[in-house]
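Engineer: Got a sequence here, can you build the structure:
(2 chains)
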Number of protein chains: 2
Amino acid sequence: MMELKVDLGERSYPIYIGEGILDDIVDLFNKHRISKLSPILLVTDDQVAEFHLDKVLELLLKGGFQVVSSIIPAGEKSKSIAQFEDLITVAIESGLDRKSTVVALGGGVVGDLAGYVAASYMRGIAFVQIPTTILAHDSSVGGKVAVNHPLAKNIIGAFHQPELVLYDIATLRTLPERQIKAGLSEVIKHGFIRDADFVAWIDHNAYKLLELDSEALEFALYHGCRIKSIIVSQDERENNLRAILNLGHTIGHALEAVAKYNGLLHGEAISIGMVGAARLSVLLGNPEHIYTETKRILRKLGLPIQLPKQLDIDEIMVAMMHDKKFDSGRMTFIIPTEIGEVEISNQVTLEQVSQVLEQLKQEE
Amino acid sequence: MMELKVDLGERSYPIYIGEGILDDIVDLFNKHRISKLSPILLVTDDQVAEFHLDKVLELLLKGGFQVVSSIIPAGEKSKSIAQFEDLITVAIESGLDRKSTVVALGGGVVGDLAGYVAASYMRGIAFVQIPTTILAHDSSVGGKVAVNHPLAKNIIGAFHQPELVLYDIATLRTLPERQIKAGLSEVIKHGFIRDADFVAWIDHNAYKLLELDSEALEFALYHGCRIKSIIVSQDERENNLRAILNLGHTIGHALEAVAKYNGLLHGEAISIGMVGAARLSVLLGNPEHIYTETKRILRKLGLPIQLPKQLDIDEIMVAMMHDKKFDSGRMTFIIPTEIGEVEISNQVTLEQVSQVLEQLKQEE
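Structural biologist: The predicted structure follows:
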């Protein structure tokens, strides 16, 4: 079991990563003083519940915890105000109090939704994350929680740090192949932002990762989380530096919004967004290999690199302007300046973005 | 104009109090760097709008600010998830961004609701409060923002400190008499908690306050805010000490819930709750005068001291157990131990509470 400390002063917390560590859940909950006197609300989705809920419930109940579980439909549509309100109702009816804990067992959707419930219920109670996807390694660092509005993704939320994150690699083995690839998109994003060596390692170990090799996964998730945690530690509330984590997200979020959260997985949208950012980089005068390498490695991981042809460019442009990153009338892009290095730019013109979107439809 | 600093480290902010200071709104907004490039969302209710909205809009627009205003129905019912979601929709559609500010022009309902919008939109944007009630002096200190759930009051919320509070005493003159009295309930609560001299001063100046004498009001609001700010500075997130501000609220909130937020104003419910807390105090062995004095002064301010006879005691007991202050299976009460002193107690039994509620129906 590896342990990574996310350093945020009095809000610091550890991420435990390892094969089979779900078996240690009671010890870890005890170590972190999760209350046994107050009910826990365990939130999961119908897909994850099938594989892992019984086990987690049994362990926690045997360990002396009071647990109420709530199963939401899998998928981005559950990250809604309506679902949020339903969970609050369950929390009240189950008698959750200030010492209670909300546990998220699942991927990014479950984590974001349950995290926002934890952030808001009684103005904030304890929160534990048990990610069951590769993608969720990303949302398990940094405390960003949110739900979507029909007009904009993640627009309603908070910063709310968990007590601990328990990342059992064994849970990843039930993921469909497409989810695995999409998850690796955010792993390599952390490399593209800050660590050329890590990109080279992923390039070299791509097939092991796709086969869910235990050692390779542990290494990759640890390093992905580590890069993110270093950045978040320096800028918890995204006043400036933290924005670099949005590489690929300005375009990616807009694609998701226009595709109405269907059809494209988050990691897939980000993959296309990273190719777009690399193209913008070249357009701004950076070396061509940033684009060719970004594209080659993403393709090697089985990720999409082409903008779906049926999506309307103008609609994507409008969605981008609704994004949180559209600030005081300017569009902010994270631009790679080398493999493993990025800068924050608001020098990109609308014409350049529109041109790159057209090019992204032609990628092969 | 008096200025009170609420000391919360990097989240510190000033409260400006004075007669006619709404005229200085542009100067104060400029001083505190409220953005002119990003739209402001001004939230108010239909009653307050009638008296003050045109003026505030005119001043801000002349001052170079972009303002979108949203008028909600007056009353506690607007502190709902549905109203919250509507305001988020307005914020998105009006293009509010990370540098935008939400301004609350109104009483506690407007402040709590608009504050929760500011806390949640894009995970938190700037917030300014312009209270127009006496009661709102309370919610303008400490950053507690929230909406209600049909099953529990203020259960969904956050801690979100404003950039500044602009408290113009002139706006209080349009308040109905009943609202004035109810507002004074929270003012004297701060005295009962921490400052016997302030209680004596209010006792002596009760009629001036009820007539909205400018100097008396400025003094009372300044001192009410000051006492609260000292307590909040020591315990921003209500881990312990801050709970003393809930004097009268355990019973008071339950009364409001059972009365379905109708029929009883918040300050009126708190007044009855403070008499109840004083009765509990005597039941626990403290001197009788705590109860008689509490009751005498509240009555002098024209506040209700008797539990409405039609309310069901069992329903009130159940509502209390849904309260945030019902923690790990114990009911927490703030008990006066002298006029101007309180302690936090979880020694109160359900029988004692039920007995006091019966007595409260008999008060005269």
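Engineer: For the helix or strand containing residue A:181, list every residue counted as buried.
Structural biologist: Element membership of residue A:181, judged by DSSP states H and E, is helix A:177-194. Neighbour-count burial for helix A:177-194, counted by 16 or more other CB atoms under 10 Å in any protein chain shown, picks out A:179-194. Where C-beta positions appear, they are placed from N, C-alpha and C, glycine not excepted.
Engineer: With respect to residue B:144, which of those is nearest?
Structural biologist: Taking CB to CB as the measure, residue B:144 sits nearest to residue A:186 out of these, at 35.2 Å.
Engineer: Find me the pLDDT at the residue lying closest to the closest one once chain neighbours are set aside, would you?
Structural biologist: The spatial neighbour of residue A:186 that comes closest, neighbours along the chain excluded (CB to CB, 6 or more residues apart in numbering or on different chains), is residue A:138 at 4.2 Å. At residue A:138 the predicted local distance difference test score is 88.
Engineer: I'd say residue A:138 and residue A:229 touch.
Structural biologist: No: shown here, residue A:138 and residue A:229 do not form a contact pair, counting by CB atoms under 8 Å, at 11.1 Å.
Engineer: ok, the closest residue to residue A:158 other than its chain neighbours - contacts?
Structural biologist: Distance criterion CB to CB, 6+ apart; nearest residue to residue A:158, sequence neighbours excluded, is residue A:119 at 3.9 Å. When contacts are counted by CB atoms under 8 Å, 6 or more residues apart in numbering or on different chains, residue A:119 is found next to A:127, A:145, A:157, A:158, A:159, A:160, B:158.
Engineer: What about those, which are in strands?
Structural biologist: Of the contacts of residue A:119, the ones assigned to strands by DSSP state E are A:127, A:145, A:157, A:158, A:159, B:158.
Engineer: which one of the residues you listed sits closest to residue A:352?
Structural biologist: Distances from the ones in strands among the contacts of residue A:119 to residue A:352 were compared by CB to CB; the smallest belongs to residue A:157, at 29.7 Å.
Engineer: per-residue pLDDT, that closest one?
Structural biologist: Per-residue confidence at residue A:157 stands at 98 (pLDDT).
Engineer: Ranking helices and strands of chain A by mean pLDDT, which lands last?
Structural biologist: Across the helices and strands of chain A, the lowest-confidence element by mean pLDDT, DSSP states H and E is strand A:326-327, at a mean of 60.
Engineer: Please pull up the helix or strand immediately following the helix holding residue A:181.
Structural biologist: The first helix or strand that comes after helix A:177-194 along the chain, using DSSP H and E, is helix A:196-210.
Engineer: which residues are contacting the helix or strand that that following helix is followed by?
Structural biologist: Of the helices and strands lying after helix A:196-210 in sequence (DSSP H and E), the nearest is helix A:214-234. Residues from elsewhere that reach helix A:214-234, judged by CB under 8 Å, 6+ apart: A:2, A:4-8, A:15, A:17-19, A:134, A:137-138, A:140-143, A:167, A:169, A:172, A:184, A:186-187, A:190-191, A:193-195, A:198, A:201-202, A:205, A:208-209, A:241-242, A:244-245.
Engineer: buried set for helix A:214-234?
Structural biologist: A:216-229, A:231-233.
Engineer: What number of residues are in the vicinity of the closest residue to residue A:73 other than its chain neighbours?
Structural biologist: The shortest distance from residue A:73 to any non-neighbouring residue, by CB to CB, 6+ apart, is to residue A:46 (5.9 Å). Here the number of neighbours of residue A:46 (other CB atoms under 10 Å in any protein chain shown) works out to 14.
Engineer: Residue A:46 contacts residue A:75, doesn't it?
Structural biologist: No: in this structure, residue A:46 is not within contact of residue A:75 by CB under 8 Å, at 9.4 Å.
Engineer: what's the spacing between residue A:138 and chain B?
Structural biologist: 16 Å (CB to the nearest CB, to the nearest Å).
Engineer: where does the residue nearest to residue A:158 land on pLDDT?
Structural biologist: Here the pLDDT value assigned to residue A:119 is 98.
Engineer: and the stretch 1-150 of chain A, which residues reach chain B?
Structural biologist: Proximity of the stretch 1-150 of chain A to chain B is confined to A:35, A:37-38, A:81, A:85, A:88-89, A:92-93, A:95, A:97-99, A:119-124, A:144, A:146, A:149 under the rule CB under 8 Å from any CB of the partner chain.
Engineer: So chain A: which segments form each domain?
Structural biologist: For chain A, automatic domain parsing gives the domain ranges A:2-174, A:177-360.
Engineer: what's the least confident stretch among those?
Structural biologist: Set side by side, the domains of chain A show their lowest mean pLDDT on domain A:177-360, which sits at a mean of 92.
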